[in-house]
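Asker: Curious how this folds, go ahead:
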Amino acid sequence: MRKKLLRVVAAALMAIVVTLPGGARPAQAFNPAVIAQYLELASKAYSLIKDVLGGGGSDEAIKDAVRQILAAIEASKTQILSHIDAIATADARACARHHVIEFADIERFSPETLQGWAQDATGCVTRIDSLIEVVGDKAQADLLGLALNTAGPIALAARARAGFSTDGLLGTLRHANGTVIPKLEPQCTFTPLWGDASPGWGPVEVNVRCTSYPGASTTGFIIVQGQRGRPLSIPYSAYAHIVDVASNQTSRAVALTVLPLLQ
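Answerer: This is a model prediction of the structure:
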């Protein structure tokens with residue numbers, strides 16, 4: 001029994017297995033490295049704009065923040081566009097692609113062009129928000145979540161440069177990210193591995209499998225107290241780390257990170 005418990009403790013600390021789908025179809029879950037890249041881009045962009053606007057930033061400070069956001073998006077533009085192209089809804093796909101491409105020229109816009117473009121970018125975010133709320137396919141909701149937090153910083157940057165208010169757009173971004181989080185919440189199953197565990201009350205190894213949506217899952221092991229033949233009581237805190245790893249394959253991780261920045 002002692003050898004088994006040592007093995008279980010090692011598994012609980014180390015053995016979290018991420019199962020990704022075969023092939024590289026962007027309509028399925030993403031490699032955690034991809035999500036981390038989006039997370040860095042979105043959190044940096046939202047923080048920049050919020051800090052500048054919150055501090056009553058000068059026009060030059062706003063321009064500098066926009067330049068930094070532009071540089072971050074340009075560095076990942078090819079990957080961003082490939083994910084946008086996998087969105088099934090044509091108008092969301094078109095508006096997101098349009099604004100990612102044209103953002104590179106924002107400093108060349110005339111004041112009139114900038115104002116119209118900022119309004120169009122805001123409209124793109126509101127369309128994505130409405131689609132996230134009603135889409136039934138979780139893989140598409142995932143793609144829309146990434147598009148949201150690419151178009152969102154662009155729209156905020158454009159509105160700030162145009163001298164427009166940002167409160168309404170921030171509210172839309174809060175709503176959309178708040179919708180992504182429960183929609184892409186991983187669902188977990190629990191398989192107790194009784195083995196030679198004592199028939200009395202004691203530690204039991206449990207295999208936990210958390211699935212974000214069909215095509216990707218995360219498996220880990222935890223130890224809980226239980227008794228053979230009786231339902232296990234498993235607190236969320238015992239497997240929250242496995243849920244986090246499953247979320248790191250989807251735009252849910254981005255939404256969880258940026259939502260506090262949008263308050």
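
Asker: Next, count neighbours for the residue lying closest to residue 194 once chain neighbours are set aside.
Answerer: Nearest residue to residue 194, sequence neighbours excluded (Cβ to Cβ, 6 or more residues apart in numbering): residue 228, at 5.4 Å. (C-beta placed from N, C-alpha, C; glycine too.) By the criterion of other Cβ atoms under 10 Å, residue 228 has 13 neighbours.

Asker: Equivalent analysis for residue 81, please.
Answerer: 14.

Asker: shouldn't it be in contact with residue 94?
Answerer: No: taking contacts as Cβ atoms under 8 Å, residue 81 lies outside contact range of residue 94: 12.0 Å.

Asker: Where does residue 207 fall, secondary structure wise?
Answerer: Using DSSP states H and E, residue 207 falls within strand 202-213.

Asker: Who are the packing partners of that strand?
Answerer: Here strand 202-213 touches helix 2-14, helix 138-162, strand 187-193, strand 216-226, helix 236-247, going by 3 or more Cβ pairs under 8 Å, 6 or more residues apart in numbering; DSSP states H and E.

Asker: Show the subsequent helix or strand relative to the last one.
Answerer: Sequence order places helix 252-258 as the next helix or strand after helix 236-247, per DSSP H and E.

Asker: got the angle between whichever strand or helix holds residue 46 and strand 216-226?
Answerer: In the assignment (DSSP H and E), residue 46 maps to helix 32-54. On the basis of axes from the mean of the first three to the mean of the last three Cα atoms, to 10 degrees, helix 32-54 is oriented at 90 degrees to strand 216-226.

Asker: Would you mark the buried spots in helix 32-54?
Answerer: With burial defined by 16 or more other Cβ atoms under 10 Å, the residues of helix 32-54 counted as buried are 32, 34-35, 37-39, 41-46, 48-50, 52-53.

Asker: quick check: mean pLDDT across it?
Answerer: Over the span of helix 32-54, the pLDDT mean works out to 88.
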